[in-house]
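> Please find the sequence and the predicted model below.
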Amino acid sequence: MALEQIVITRKFGPGAEEEMILNMGPQHPSTHGVINFIVHADGEVMKKAVPEVGYLHRSIEKIGELVTFSGFMPYTDRVDYVAAMFANEGYAVAVEKLLGVAPPARAQYLRAISCELNRIASHLVAVGTMAMDIGAVTPFPYALREREYVNDLIEALCGARLTYNYHRIGGVAFDLPPDWAPNCHRFLDHFDRILDEWDRLISLNEIFVRRLAGLAVIPGPMAIDYGLVGPNLRASGVDYDLRKVHPYGAYPDFEFKVPVGKGFAGKNRGGQVGDCYDRFYCRVLEMRESVSIVRQALHKIPEGEWMAKVPRKVKPPGGEAQSRVESARGEMAYYVVSDGGEKAARVRVRTGSFMAMGIIEDLSPGLMIADLVALIASLDVVAPEIDR
Amino acid sequence: MPALSPEQIHQKLTQQFGEAIGPLCAPQKDPFCTFAPSRLLEICRTLKTDPELAFDFLQDLTATDHPKENQIRIVYHFYSYTHRHMLVAKCELDRASPEVDSVEVVWKAANWLEREVFDLFGVSFTGHGDLRRILLPDDWVGHPLRKDYQEAGGYQGISNVRDNTLNLYLDADRLMAEEKSKQAPPVPEKAPEAKAES
């Protein structure tokens, strides 16, 4: 891309450019929700793309101040409806920290199992839509087909397929249903083969790899400066995973690797650390790790209670706490302030997508318009998580 | 270099900046200290560049509203990927005209976070390059996350209030009952005749 850009600049010169302003969105199939981009372009090359967000703002943080502590749990689902388990968990952990309650061991394991299954489902959507946005339509139904199996499992666990409301302050809502573990094992064995198939289908597809190699490179220091988190940060070569560095819940008990970007596309194809292909492939590798974590958790899960003794009316003492969990879209932090009442004085959700959107304006100059689609898809932004 | 505890970080900062750093409050779950707003930028630069602190990640920037104390407090969460330690700091601002230096020049992540605080709390950040509303429309009135925010009752003539949908059905029931009572009851005079015909 850089060469084409140089050619265009040399051909027309800096003074001869004509700027065209395009509205991409808010209703656009490849913006992953209701997001508007105001693209300043000269022909196919962008001068900048300015994201305009807020179309899905539902004032979740204000609602947090208006309802009781336990009453806010269903609302957290709506923060990120593609990976709602993590939003549940983050809020539960923050209020538990305020209350000084620790969930029982079985609840911690159930949280890990549900979250990792949700991570698989969320990453399937991410990689599937990414392939589709680039133009490879076939892999998308393959990804969604597998996601349906995960949804079935989660539905059997908590009764919902999208907005789970499964985690509670002090534990989880339900224990494993009978026959759930063998079904889950069956799915995991099946999914191992599907991941190999996925690699053959799209991850190692030469056209796909070359399309994404060296595209929209985010170097490690830049990713940190802009506050990128999760797979986007790791793809830039920063080896940082909250589950590993500051383990919470049941994660200290599991062995897993943290996939870090290292130019997976290969030098001969122009692959660099932190390009779009790294962000894509890190997610594929993370699904393999999640499969391994769910297996270990199902083997090691202890017997016992799945809810701690929490009063019916949750009234934490005054104070403030922040919880950090590794969501599918990176570090999700809930900052909860209590003044001793039944309702929180302030609930703040720090999400990965919001920060990922902030980098687009500064990353877009010089990219082609078609590359913007690849960049948005590779950052895996989800509109409700940006706007909350 | 090892990770520092909040106490060690606080001690180090107090040595350097003296009274600009408030005492470390730790009755809460997460200890935090206050920064004097006038020296915020200077302190933040040190936080990032000092090799022992090396806070390279602005994890979160938000605010809390305290009408009783007449304050808006900006809450900063700093994290260091190098040393893996964390610091929470607050800046206490006057609620009537909250204004503080932007830390966008130190961490680029502050750009969008400060725009959000500007949008929802009405805090203006001096030196911010692009300070405009981010989540709400540009012509929105008020700052919703302030405690005394009153809903305007609509936006651009579009009401955000509606009747209870059930009222519609109740009205329909009432109307139907009225209709029925108006109609005279059918007179079954010719019924036997019809029966005879068939």
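Nice, I can see it. Residues are numbered from 1 along each chain as shown, chains lettered A, B, ... in the order given.

> Show me the shaky parts of the chain.
No chain specified, so I'll use chain A. A:1-18, A:30-31 (pLDDT under 70).

> Chain B is the one I meant
Where chain B drops to pLDDT under 70, the residues are B:1, B:26-29, B:184-198.

> Please repeat the previous calculation with a cut-off of 80.
Scanning chain B for pLDDT under 80 picks out B:1-30, B:151-154, B:157, B:160-165, B:168, B:183-198.

> Would you map the helices across it?
B:6-17, B:40-49, B:110-121, B:165-182, B:191-197 (DSSP state H).

> For the closest residue to chain B within chain A, the count of nearby residues, please.
With Cβ to the nearest Cβ as the measure, A:Gly227 is the residue of chain A nearest to chain B, at 3.1 Å. For every residue, glycine as well, the C-beta is placed using N, CA and C. A total of 29 residues lie near A:Gly227 under the criterion other Cβ atoms under 10 Å in any protein chain shown.

> any idea whether it is helix, strand or coil?
Secondary structure, DSSP: H, G, I helix; E, B strand; the rest coil: A:Gly227 is coil.

> re earlier: compare the helices of chain B and report which one is nearest to A:Arg210.
helix B:110-121 (32.5 Å; Cβ to Cβ).

> That closest one: how far from the chain's middle?
The chain centre lies 9 Å from the centre of helix B:110-121; the measure is Cα atoms, centre = their mean, to the nearest Å.

> what angle do that helix and helix B:40-49 make?
140 degrees (axes from the mean of the first three to the mean of the last three Cα atoms, to 10 degrees).

> Can you show me the CA trace of helix B:110-121 as CSV?
The C-alpha coordinates for helix B:110-121 follow below in CSV (Å, rounded to 0.1, in the frame of the first residue of the first chain):
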residue,chain,number,x,y,z
ALA,B,110,-6.7,10.4,27.1
ASN,B,111,-8.1,11.9,23.9
TRP,B,112,-11.3,9.9,23.8
LEU,B,113,-11.6,9.4,27.5
GLU,B,114,-11.4,13.2,28.2
ARG,B,115,-14.0,13.8,25.4
GLU,B,116,-16.3,11.4,27.2
VAL,B,117,-15.8,13.2,30.6
PHE,B,118,-16.4,16.5,28.8
ASP,B,119,-19.6,15.2,27.3
LEU,B,120,-21.1,13.6,30.3
PHE,B,121,-19.8,15.8,33.2
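
> For that helix, name the packing helices and strands.
In terms of contacts (3 or more Cβ pairs under 8 Å, 6 or more residues apart in numbering or on different chains; DSSP states H and E), helix B:110-121 is packed against helix A:352-358, strand B:57-66, strand B:124-126.

> Now the last one: buried residues?
Of the residues in strand B:124-126, those with enough neighbours to count as buried (16 or more other Cβ atoms under 10 Å in any protein chain shown) are B:Ser124, B:Phe125.

> Contacts made by that strand with the rest, please.
With contact meaning Cβ atoms under 8 Å, 6 or more residues apart in numbering or on different chains, strand B:124-126 is reached by B:Pro98, B:Glu99, B:Val100, B:Asp101, B:Ser102, B:Glu104, B:Glu114, B:Val117, B:Phe118, B:Leu131.

> so the second one sits right up against B:Val123, yeah?
If I follow you right, that is B:Glu99. Yes - contact criterion Cβ atoms under 8 Å: B:Glu99 and B:Val123 qualify, at 7.2 Å.

> interface residues of the stretch 51-200 of chain A facing chain B?
Proximity of the stretch 51-200 of chain A to chain B (Cβ under 8 Å from any Cβ of the partner chain) is limited to residues A:Val53, A:Gly54, A:His57, A:Ser59, A:Glu61, A:Lys62, A:Lys97, A:Leu98.

> could these be laid out in CSV, adding secondary structure and neighbour count?
Putting these into CSV (DSSP: H, G, I helix; E, B strand; the rest coil; neighbours: other Cβ atoms under 10 Å in any protein chain shown) gives the following:
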residue, secondary structure, neighbour count
A:Val53, coil, 25
A:Gly54, coil, 22
A:His57, coil, 19
A:Ser59, coil, 16
A:Glu61, helix, 22
A:Lys62, helix, 15
A:Lys97, helix, 20
A:Leu98, helix, 26
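
> Just send the residues you listed back as TSV, with distance to A:Arg168 too.
Shown next, in TSV, are those (distance: Cβ to Cβ, whole Å):
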residue	distance to A:Arg168
A:Val53	31
A:Gly54	31
A:His57	27
A:Ser59	24
A:Glu61	21
A:Lys62	23
A:Lys97	15
A:Leu98	15
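
> ok so, going back, can you add mean neighbour count and distance to A:Ile207 and give the helices of chain B back as a markdown table?
Listed next are the helices of chain B as a markdown table, based on neighbours: other Cβ atoms under 10 Å in any protein chain shown; distance: least, Cβ to Cβ, whole Å:
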| stretch | mean neighbour count | distance to A:Ile207 |
| --- | --- | --- |
| helix B:6-17 | 16 | 51 |
| helix B:40-49 | 18 | 42 |
| helix B:110-121 | 24 | 35 |
| helix B:165-182 | 9 | 53 |
| helix B:191-197 | 8 | 81 |
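
> I'd like to know which of the residues of the stretch 51-200 of chain A next to chain B is nearest to A:Asp42.
A:Val53 (24.6 Å).

> related to what we said a few turns ago, which neighbours do B:Glu99 and B:Val123 share?
Joint contacts of B:Glu99 and B:Val123 (Cβ under 8 Å, 6+ apart) are B:Leu93.

> more neighbours, the two?
B:Val123 (22 against 11).

> which ones are touching the more buried one?
B:Ala63, B:Ile72, B:Ile74, B:Leu93, B:Pro98, B:Glu99, B:Val100, B:Val117.

> One more pass at 6 Å, please.
Going by Cβ atoms under 6 Å, 6 or more residues apart in numbering or on different chains, B:Val123 touches B:Pro98, B:Val117.

> got it, and the one 4 residues further on?
With contacts defined as Cβ under 6 Å, 6+ apart, the neighbours of B:Gly127 are B:Asp101, B:Ser102.

> So which of the helices and strands packed on helix B:110-121 is nearest B:Gly154?
Closest among these, using Cβ to Cβ: strand B:57-66, at 23.8 Å.

> The closest one vs helix B:110-121, what angle?
Using the same axes, to 10 degrees: strand B:57-66 against helix B:110-121 is 10 degrees.

> Grab the most central residue of chain B for me.
What sits nearest the mean C-alpha location of chain B, by Cα atoms, centre = their mean, is B:Leu145, with 4.7 Å.

> Just to check, that residue is in contact with B:Leu120?
Yes - under the criterion of Cβ atoms under 6 Å, B:Leu145 makes contact with B:Leu120 at 4.1 Å.

> Do you have the helices of the stretch 251-388 of chain A handy? List them.
Using DSSP state H, counting those that start in this stretch, the helices of the stretch 251-388 of chain A run over A:276-300, A:352-358, A:360-363, A:369-379, A:383-387.

> possible to save these as TSV with distance to A:Glu19 and mean neighbour count?
As requested, the helices of the stretch 251-388 of chain A are arranged in TSV below (distance: least, Cβ to Cβ, whole Å; neighbours: other Cβ atoms under 10 Å in any protein chain shown):
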stretch	distance to A:Glu19	mean neighbour count
helix A:276-300	26	22
helix A:352-358	23	28
helix A:360-363	16	18
helix A:369-379	13	23
helix A:383-387	27	25
